[in-house]
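Show me how the following folds:
(one chain, ligands or ions: 1)
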Amino acid sequence: MNASGATPPVGSSPAYDAIVIGAGFGGLYALYHLRDEMGLSVRGFDGASDVGGTWWYNRYPGARVDAPSSPFYAYTFSQELVDEWVWPETQSTQADVLAYVEHVADKFDLRKDIQFDTFVTDARYDDDNQHWTIETDGGERATARFLICAIGALFVANMPDYTGIDDFAGDIYHTGRWPHEPVSFEGKRVGVIGTGSSGVQAIPQIAKTADHVTVLQRTPQYALPARNRPLPQEDLEQYREDWDDLRASMRYRGGWPFPTSKLQAADHTFEERQERYEEMWERGGMHLAINSFTGVYVDEELNEEIAEFVRGKIRDIVDDPETAQKLMPSYPFGTKRLILDNGYFETYNRDNVTLVDLRNDPIEAFTESSVRTVHGEHPIDVLVLATGFDAVSGSMLKLNPKGRGGVPLKEKWAERFDNHLGMTIAGYPNLFMIHGPGAPGVFFTMPLGAELQTAWIESCIRHLDEAGLGAMEATEDAEASWDAEINGIANRTLYPRTDSWYTGANIPGKPRQFLGHLMGSQYFNRLTEVAEAGFKDFVFEERR
Ligand code: N01
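Residues are numbered from 1 along each chain as shown. This is a model prediction of the structure:
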C-alpha cells in the first residue's frame with residue numbers, strides 16, 4: 001500500500017516523485033528539501049520507530065558527539081533553527097542530539113510523510129516505466145521516480161561469530177542496537193569487545209557501576225581528551241550572529257568553521273613542537289590532529305612524533321606499566337577514526353577493570369558464563385559488543401536494490417563498490433545515495449554533507465525536468481575514474497596503511513577499498529562543476 005492506502009498496479013505512474021529511505025540527519029533533510037523547497041511528493045520509510053537514524057539506535061552509555069563543537073554538528077540551512085536551538089555542551093549527549101532531531105521533525109512537520117517501523121526490503125527499477133518500486137517488511141509496495149537512499153554509513157552492525165557465543169547465557173548488547181529501556185550493570189561482570197569510538201565512550205560509564213569490566217581489546221587506540229564542557233551561551237549567540245559566514249566557511253574548511261594549522265613542523269625545534277602538542281592536548285578535542293602542524297596525515301615523521309607524544313600520555317595516565325603497554329597503538333596516528341574520550345585511559349586505574357590484549361591472548365570460545373582466551377577464563381554476566389559496523393557499503397548491500405535488467409547490487413558490488421561521486425551507480429538510474437562509498441561522510445560534517453548532496457540531487461532532478469528527460473545514470477567509465485580519484489587521494493596519505501572500517505578491513509572478506517573522500521571541500525566543488533557542465537559523465541533517457 002502507499003500512503004493513501006492503495007496498492008499501485010505495476011506499470012502505473014509512480015505514486016510519488018521520490019521515496020526517501022532513512023530518517024536520520026540525511027533522510028530528514030532530503031525529505032524536507034524535496035518536499036518543501038522543491039514541491040515534490042515524497043514518502044519516507046524507516047525501520048526505526050522514530051526519527052534520528054544513528055542517534056536513535058546508538059544510545060549506549062556515554063554516547064555523545066565526538067566532533068569539535070555541537071552547534072556545527074547540526075543542520076545549517078535554517079537561521080531560525082540555529083537561533084532557537086540551545087546546545088548545552090560542546091559535545092552533546094546522544095539524548096540531546098536526538099532531542100534536536102525530534103525538534104527538527106516537529107518544526108518542519110516531517111513525520112507525517114514518514115512511515116516508521118518499516119524496513120524497505122526490496123527496491124526494483126522498472127525500466128519500462130522509469131520508476132522504482134519498493135517493498136516493505138509489511139508487504140506494502142510504493143513507487144517513485146527517484147529513490148534516495150539515506151540509509152546510514154554506520155548502520156549494519158558487525159556481530160562477531162565466536163565459537164560458543166550462542167551458548168552464552170547472559171545478555172548481549174551491540175552498541176549500535178542499544179535497548180530503549182535502561183540497562184543496569186549494577187553488580188554485573190561485564191565483558192566488552194571493541195575499543196573504537198563506541199567502546200571508548202561506553203567503557204568508562206559501564207565501569208562506574210559494574211562489579212567488574214573485562215575489556216577485550218584487539219587494536220589499541222589513539223584517544224584524545226574530549227574536554228567536553230558547558231557551551232558558553234555567549235559563544236552560541238555569536239555563532240548565531242555570524243551564521244551566514246560560518247556556514248559558508250564550513251563548506252570550504254572540511255565541514256567545520258575552524259581554521260586548521262598552517263604551521264610547518266620543520267620550522268620548529270623538537271622542544272617547540274612538544275610544547276605545541278602539549279598545548280593542543282590541553283585544549284582537547286581534535287586540536288592535536290588538526291591544529292598542531294600541517295601535514296599530520298601525510299608526513300610520516302611528524303605523524304610518528306605525535307603518535308609517540310600520545311603514547312607518552314598513555315604511559316603517564318595509566319598506573320600499571322603492563323596495562324599501559326597493552327594500550328599502546330603502533331599504526332600511524334589518526335588513521336583509524338580518532339576518538340575523543342572522557343576518562344578512557346584513567347578507567348584502567350580502577351580496581352574493577354581488566355584489559356585483555358587479544359593480539360597476544362585471543363578469544364578461543366564463549367561458555368555459558370565466561371569468555372575463554374588462550375591464557376585465561378573471564379567470568380561474565382553481560383557481553384557488550386562495541387564491534388562497529390559493516391560501514392558505508394553495508395547498508396546499501398543489505399537493501400540490495402535491483403537495477404536495470406534486475407541486476408542486484410550485490411552482484412555489481414561483489415568485488416568493488418563502483419559508483420560515481422559517491423552518490424550514483426551505473427545501471428541504477430535515478431537512485432541517489434547520501435553518504436555512500438566515496439562521499440566525504442565522516443570526513444566532513446555529516447548534516448552539512450547531506451544538505452550539500454541533496455542540493456546536487458535537486459540539480460539533477462531539475463536538469464531532467466527542464467529537458468523533458470526521464471532517467472539519468474552514471475557511466476561505467478565515470479565510475480572507474482571516480483574510483484581512481486578517491487583511491488588516489490587516499491593513497492597520498494597514511495590512511496590506507498592501517499586496517500580500519502575506512503578501508504573495509506574490519507569485516508572479514510569485505511573488498512578492500514577506501515570508503516571515503518578525504519577532501520570534502522574539493523568533493524563539493526566537484527559536484528557543482530559536474531552540474532554546471534551539464535552532467536557530462538551521465539547518460540540520459542527521454543521521458544517515457
Ligand atoms: O566501531 P569501530 P565503533 N574481535 O569499527 C573491534 C562513529 N561513531 O562503533 O580495531 C575483537 O571503530 C575493533 O577492533 P579492530 C565513528 O565514526 C561516532 O566504535 O578492528 N574485536 C574495534 O576496536 C566511529 O569510527 C560516535 O582490530 C573486534 C571495535 O571492535 C564509527 O562510528 C560514537 C572484532 C570496533 O570499532 C564506528 O565506531 C561512536 C572481533 N571480531 C561511533 N570485530 C560519535 O560520538 C571488531 N572488533 C559521533
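
Wait, F432 touches E458, no?
No: using CB atoms under 8 Å, F432 is not in contact with E458; the gap is 10.4 Å. C-beta here means a position set from N, CA and C on the backbone, and glycine is covered the same way.

quick one, which of those two is more surrounded?
Neighbour tally, F432 and E458, criterion other CB atoms under 10 Å: the higher count belongs to F432, 24 against 17.

how much space is there between that one and V20?
10 Å (CB to CB, to the nearest Å).

and what of E80?
The span separating E80 from V20 equals 23 Å under the rule CB to CB.

hmm, back to that, can you list residues touching both of F432 and V20?
When CB atoms under 8 Å, 6 or more residues apart in numbering defines a contact, the residues bordering F432 and V20 alike are I148.

For stretch 518-528, give the mean pLDDT please.
Mean per-residue pLDDT for stretch 518-528: 96.

Please identify the pairing partners of the longest strand seen in the chain and their relative orientation?
As assigned by DSSP state E, the longest strand anywhere in the chain is strand 141-149. Its sheet considered, strand 141-149 pairs with strand 16-21 (parallel), strand 131-136 (antiparallel), strand 431-433 (parallel) by DSSP bridges.

Quick one: closest of those strands to the ligand.
The closest of those to the ligand is strand 431-433. By CB to the nearest ligand atom, the value is 17.6 Å.

and after that closest one, which helix or strand comes next?
helix 446-466 (DSSP states H and E).

and that following helix, how far from the chain's centre?
On the basis of CA atoms, centre = their mean, to the nearest Å, helix 446-466 sits 20 Å off its chain's mean C-alpha point.

same thing with stretch 311-326?
Centroid separation between stretch 311-326 and its chain, computed with CA atoms, centre = their mean, is 30 Å.

Can I get that stretch in PDB, CA atoms only?
What follows is stretch 311-326, C-alpha atoms only, in PDB (Å, rounded to 0.1, in the frame of the first residue of the first chain):
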ATOM      1  CA  ARG A 311      51.800   7.100  23.800                       C
ATOM      2  CA  GLY A 312      53.700   9.100  26.400                       C
ATOM      3  CA  LYS A 313      50.400  10.400  27.700                       C
ATOM      4  CA  ILE A 314      49.000   6.900  27.900                       C
ATOM      5  CA  ARG A 315      52.100   5.900  29.900                       C
ATOM      6  CA  ASP A 316      51.600   8.900  32.200                       C
ATOM      7  CA  ILE A 317      47.900   8.300  32.800                       C
ATOM      8  CA  VAL A 318      47.800   4.500  33.200                       C
ATOM      9  CA  ASP A 319      49.400   3.400  36.600                       C
ATOM     10  CA  ASP A 320      50.200  -0.200  35.700                       C
ATOM     11  CA  PRO A 321      53.000  -0.200  33.100                       C
ATOM     12  CA  GLU A 322      51.900  -3.600  31.800                       C
ATOM     13  CA  THR A 323      48.400  -2.400  31.100                       C
ATOM     14  CA  ALA A 324      49.800   0.900  29.600                       C
ATOM     15  CA  GLN A 325      51.900  -1.200  27.300                       C
ATOM     16  CA  LYS A 326      48.900  -3.100  26.100                       C
END
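
in that stretch, what's buried?
311, 313-314, 317-318, 323-324, 326 (16 or more other CB atoms under 10 Å).

repeat for stretch 297-308
Those would be 297, 299, 302-303, 305-307, for stretch 297-308 by 16+ other CB under 10 Å.

residues in the stretch 351-500 of the chain within reach of the ligand, list them.
Contact residues (CB under 6 Å from any ligand atom) of the stretch 351-500 of the chain with the ligand: 358, 386-389, 442.

Out of those residues, which is nearest to I339?
Among those, A386 lies closest to I339 (CB to CB), at 11.3 Å.

pretty sure the closest one contacts G191?
No: shown here, A386 and G191 do not form a contact pair, counting by CB under 8 Å, at 10.7 Å.

ok, which residues in this structure are in contact with the ligand?
Checking the chain against the ligand by CB under 6 Å from any ligand atom, the hits are 64-66, 154, 158, 160, 175, 193-199, 201, 218-219, 337, 358, 386-389, 442, 501, 506.

Tabulate the buried residues of stretch 311-326 in JSON lines, adding columns for secondary structure.
Shown next, in JSON lines, are these (DSSP: H, G, I helix; E, B strand; the rest coil):
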{"residue": "R311", "secondary structure": "helix"}
{"residue": "K313", "secondary structure": "helix"}
{"residue": "I314", "secondary structure": "helix"}
{"residue": "I317", "secondary structure": "helix"}
{"residue": "V318", "secondary structure": "coil"}
{"residue": "T323", "secondary structure": "helix"}
{"residue": "A324", "secondary structure": "helix"}
{"residue": "K326", "secondary structure": "helix"}
